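Student: no sequence on this one, just coordinates:
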């Protein structure tokens, strides 16, 4: 068993899949500890953490400002990985670089949307997107977040229900590994 959780994560969920994005569940909680979970498109995973992009004014953005702790859940073919940690904004340069790599229609949609806010109709949303310039600049209210892992839990299904579970907990610059009961 490796003592490097990112290496094990790569074996289970190869990072080359991040070129197109890897859908994952992101759980946040408000200041009042009311949970919320949704699927996000993970765009980077490295030693610094797991990055995704959104509107800072969206519900998840507001919750992360109030309570900068979150969890990610990856699941595929009888394996799941939970990653928990503190969330921070990525640098403006990283947000700009990702913004520039998005398709023009995607940029216009993101620039037009006041994510998580009510709108009168689909037609109003489409009109707002159509009114955007061909190459809209990245809005200041839009950018990336990075979850910096403090804990990883790897779970692997077994038919006898004695599932394999390993918990990695950050201990300074190293990781402590503990086997958990199913």
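Tutor: Yep, that arrived. Not measured: the values here are computed from a predicted model. Numbering: from 1, shown residues only.
Student: and residue 101, how many neighbours does it have?
Tutor: Residue 101 has 10 neighbours, counted by other C-beta atoms under 10 Å. In this view, the C-beta of every residue, glycine as well, is placed from N, C-alpha and C.
Student: host element of the residue nearest to the spatial centre of the chain?
Tutor: Nearest to the mean C-alpha position of the chain, by C-alpha atoms, centre = their mean, lies residue 52 at 4.4 Å. According to DSSP states H and E, residue 52 maps onto strand 49-55.
Student: gap between the two ends of stretch 102-120?
Tutor: With C-alpha to C-alpha, to the nearest Å as the measure, the ends of stretch 102-120 fall 27 Å from one another.
Student: What lies in contact with it?
Tutor: 54-55, 57-59, 61-62, 99, 125, 128-139, 142 (C-beta atoms under 8 Å, 6 or more residues apart in numbering).
Student: Now do the phi/psi pair for the spatially most distant residue from the centre of the chain.
Tutor: Seen from the C-alpha centroid of the chain, the residue lying at the greatest distance (C-alpha atoms, centre = their mean) is residue 160, 32.2 Å away. With angles defined as degrees, to the nearest 10, residue 160 sits at phi -80, psi 0.
Student: Listing partners with orientation, what would you give for the least confident helix or strand in the chain by mean pLDDT?
Tutor: Averaged element by element with mean pLDDT, DSSP states H and E, the chain has its least confident helix or strand at strand 44-46 (a mean of 91). Partners of strand 44-46 in the sheet, by DSSP bridges, are strand 49-55 (antiparallel).
Student: Let's test this: mean pLDDT of the strand it pairs with, rounded?
Tutor: Mean pLDDT, computed over strand 49-55, is 96.
Student: how far is that strand from where the chain is centred?
Tutor: Centroid separation for strand 49-55 versus its chain: 5 Å, with C-alpha atoms, centre = their mean, to the nearest Å.
Student: how near is residue 158 to residue 81?
Tutor: The gap separating residue 158 from residue 81 is 16 Å, by C-beta to C-beta, to the nearest Å.
Student: Compare these two (neighbour count), which wins?
Tutor: Shown here are residue 158 and residue 81; by other C-beta under 10 Å, residue 81 has more neighbours (21 against 10).
Student: Any idea what that one is bridged to?
Tutor: For residue 81, the beta-bridge partners are residue 74, residue 154 (DSSP bridges).
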